[in-house]
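J.: need coordinates for the below:
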Amino acid sequence: MTVILRNITTSDLPILFEQQRDPESNTMAAFPARDREAFDAHWVKIMANEAIILRAIEVDDQMAGHLVSFLMEEERQVGYWLGKEFWGRGIATEALRQFLSVVRTRPLFGRVAKHNAGSRRVLEKCGFKVVGEEKFMNIGNEEVDEFVLRLDT
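T.: Numbering: from 1, shown residues only. Predicted coordinates:
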């Protein structure tokens, strides 16, 4: 298995749209799916923002998901989404390891819904440590309990 990070192109968006519609993925991420119009508007906005770092995750020539890094309240954050069919194979961990050489800002923060043990393990395998707990309102107006993790080196 070969994991490659590359720039996201508009031709990736239909796959990313379908990935973010998966109900189990939405539950794990505590993030509801966007409809097509909202999804397209969101991606046009983030792809145009030079402060956001985006990469596609490609596995054996298949679009597996994406990574993102952005500023939130003056702290650099990292996030990722992997299509469900790619879960449980170490792909997210390897992709994040590679992404950490692209995103050099430290400290770097990751946030994960408390019930998403798999995503928390990905962050911890890459050196992130739990530094707090918070609540946030997702785009579905649902309150979510999350862990805040930080990478210092």
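J.: and the longest strand anywhere in the chain, how far out from the chain middle?
T.: What stands out as the longest strand in the chain, according to DSSP state E, is strand 62-72. Mean-position distance between strand 62-72 and its chain equals 5 Å (CA atoms, centre = their mean, to the nearest Å).
J.: I'd like to know which elements the very next helix or strand once past that strand is packed against.
T.: Next helix or strand after strand 62-72 toward the C-terminus (DSSP states H and E): strand 75-82. Applying 3 or more CB pairs under 8 Å, 6 or more residues apart in numbering; DSSP states H and E, one finds that strand 75-82 contacts helix 13-19, strand 62-72, helix 91-99, strand 108-113. Bear in mind the C-beta positions are built from the backbone N, C-alpha and C, glycine included.
J.: tell me the strands beside strand 75-82, with direction?
T.: strand 62-72 (antiparallel), strand 108-113 (parallel) (DSSP bridges).
J.: now the longest one against helix 91-99, angle please.
T.: It stands for strand 62-72. Angle between the axes of strand 62-72 and helix 91-99 is 60 degrees (criterion: axes from the mean of the first three to the mean of the last three CA atoms, to 10 degrees).
J.: now for the helix or strand of the chain with the lowest mean pLDDT, which elements pack on it?
T.: Within the chain, no helix or strand scores below helix 23-29, which has a mean of 92 by mean pLDDT, DSSP states H and E. Contacts defined by 3+ CB pairs under 8 Å, 6+ apart place helix 23-29 against helix 117-125.
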